[in-house]
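**Student:** sequence and predicted structure below; questions after.
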Amino acid sequence: MIRPVEKLVRAAEVTEGAGVAVHRTIGTPALKNLDPFLMLDHFGGSDPDEYIAGFPPHPHRGFITFTYMLDGHMEHQDSMGNRGDLRSGGAQWMKAASGVIHSEMPKQTGGLMRGFQLWINLPAAEKMSDPAYQEFSPQAIPEIEDGPVRVRLLSGRYAGRRGVIDDPNTDMHYLDVALGPGNEFALPLAGDYAAFVCVYEGGAATGSSDLPQHSLAVLGEGDEIRVIAGPAGARFICVAGKPIGEEVVQYGPFVMNTRAEIELAFREYQSGQLVKKKAAMTGVRKGGLTTGDTGSTGKTYF
Ligand code: FE
């Protein structure tokens, strides 16, 4: 059975970091989370004013951030001592777990910059584990081309291949798919996985439901995902994962299981104790959690 569209979530326009325009779908009032996924931002554009301010140092605790760069060039630095270059077609997996402070700043002054950032939850047993960081060059990501269907396999399994990211907690699948006009993509997927499709170029449909751009289609129960491109072709991400099934308590950049754990994260951040596994990092501010540091517009998520 083909998974039908259960819910179509239109992206909310949000200002992130120091003033970056993002389209947010997961992590909005319309879709607070989609267990195991906590947030999905589609960032960037062709106007440098929309991205040039970047994401100066800010904290995370309790989950994984996964960034997929479609176009452009960003530099990453973090409190583990990692420095990374994120380029068109590359990806970055950061397990913030017990606590990371990082920055993501554009390394370009013009032209197109765009990508997706997905937050993946961690089970309680791993929320305070050591952080970890992995970066993948565009060349490292398997690309499967079958005529007018092209799949970049970031995570999970497709056509007998495996992606570069392994998330044992959620068995995440993350595919970037390009379809020619009228062509079809199919992915077998067990019923208990949460799944969504987000079209970012062209147009597509699944079953009788249209999949417009700047919207996220949450897929319902079934055992297969099928997407057919419209007359202009389509590019989209198709993402799925096993739910964790635990309580989610979020305050901006901290996602834990209880309110007390969030309050502790907040106190630890304010006193410079958030990061448990540290390396020297220049330019990290300690102390007050201001709007620019929350990884959000300062909204309360309770
Ligand atoms: Fe971040």
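**Tutor:** In hand now; what should we look at? Not measured: the values here are computed from a predicted model. Numbers count the residues shown, from 1 in each chain.
**Student:** pairing partners for the helix or strand containing residue 13, with directions?
**Tutor:** Per DSSP states H and E, residue 13 falls inside strand 12-16. Applying DSSP bridges, strand 12-16 is found paired with strand 20-24 (antiparallel).
**Student:** give me the below-cutoff pLDDT ranges for the stretch 151-300 of the chain.
**Tutor:** Along the stretch 151-300 of the chain, segments meeting pLDDT under 70 span 279-300.
**Student:** mind listing what's buried in stretch 243-262?
**Tutor:** For stretch 243-262, a neighbour-count test (16 or more other Cβ atoms under 10 Å) marks 244, 246, 248-257, 261-262 as buried. Bear in mind the C-beta positions are built from the backbone N, C-alpha and C, glycine included.
**Student:** please read the previous query as pertaining to stretch 167-180.
**Tutor:** Along stretch 167-180, the positions that meet the burial threshold by neighbour count (16+ other Cβ under 10 Å) are 167, 169-179.
**Student:** again, but for stretch 36-56
**Tutor:** By neighbour count with 16+ other Cβ under 10 Å, stretch 36-56 contains the buried residues 36-45, 48, 50-56.
**Student:** check stretch 139-159 too.
**Tutor:** Within stretch 139-159, the residues that qualify as buried are 141, 149-156, 158, counting by 16+ other Cβ under 10 Å.
**Student:** strands along the stretch 151-300 of the chain, start to end?
**Tutor:** The residue ranges that make up the strands of the stretch 151-300 of the chain, judged by DSSP state E, counting those that start in this stretch, are 157-158, 161-162, 173-179, 184-188, 194-206, 209-211, 215-219, 224-241, 249-251, 254-256.
**Student:** related to what we said a few turns ago, take the buried residues of stretch 167-180 and write them to TSV, including distance to residue 6.
**Tutor:** Below are the buried residues of stretch 167-180 laid out as TSV (distance: Cβ to Cβ, whole Å):
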residue	distance to residue 6
167	23
169	23
170	19
171	20
172	19
173	17
174	20
175	19
176	22
177	20
178	25
179	22
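**Student:** now do the helices in the stretch 1-150 of the chain.
**Tutor:** For the stretch 1-150 of the chain, applying DSSP state H, counting those that start in this stretch gives helices covering 124-127.
**Student:** low-confidence ranges in it?
**Tutor:** When the per-residue scores of the stretch 1-150 of the chain are filtered using pLDDT under 70, no range remains.
**Student:** so what's residue 164 up against?
**Tutor:** By Cβ atoms under 8 Å, 6 or more residues apart in numbering, the contact set of residue 164 is 91, 136, 140-142, 153-155.
**Student:** can you rerun that using 6 Å?
**Tutor:** 136, 140-141 (Cβ atoms under 6 Å, 6 or more residues apart in numbering).
**Student:** mind checking how far the residue nearest to the spatial centre of the chain is from residue 136?
**Tutor:** Nearest to the centroid of the C-alpha atoms of the chain, with distances taken as Cα atoms, centre = their mean, sits residue 118, at 1.1 Å. Residue 118 sits at a distance of 14 Å from residue 136 (criterion: Cβ to Cβ, to the nearest Å).
**Student:** phi, psi of residue 159?
**Tutor:** The main-chain torsion angles of residue 159 are listed as degrees, to the nearest 10 and equal phi 50, psi 40.
**Student:** that one contacts residue 145, correct?
**Tutor:** No - when contacts are counted by Cβ atoms under 6 Å, residue 159 is not listed as touching residue 145 (10.1 Å).
**Student:** buried residues in the strand holding residue 13?
**Tutor:** Under the neighbour-count criterion of 16+ other Cβ under 10 Å, strand 12-16 has 14, 16 buried.
**Student:** and that strand, how far out from the chain middle?
**Tutor:** 15 Å (Cα atoms, centre = their mean, to the nearest Å).
**Student:** please save the CA atoms from that strand in CSV.
**Tutor:** What follows is strand 12-16, C-alpha atoms only, in CSV (Å, rounded to 0.1, in the frame of the first residue of the first chain):
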residue,chain,number,x,y,z
ALA,A,12,6.4,29.2,8.3
GLU,A,13,8.9,32.0,7.5
VAL,A,14,11.2,32.4,10.5
THR,A,15,14.4,34.5,11.1
GLU,A,16,17.2,32.4,12.6
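**Student:** what helices and strands are in contact with the lengthiest helix in the chain?
**Tutor:** Taking DSSP state H as the assignment, the helix of the chain that covers the most residues is helix 259-270. Under the contact definition 3 or more Cβ pairs under 6 Å, 6 or more residues apart in numbering; DSSP states H and E, helix 259-270 sits against strand 249-251, strand 254-256.
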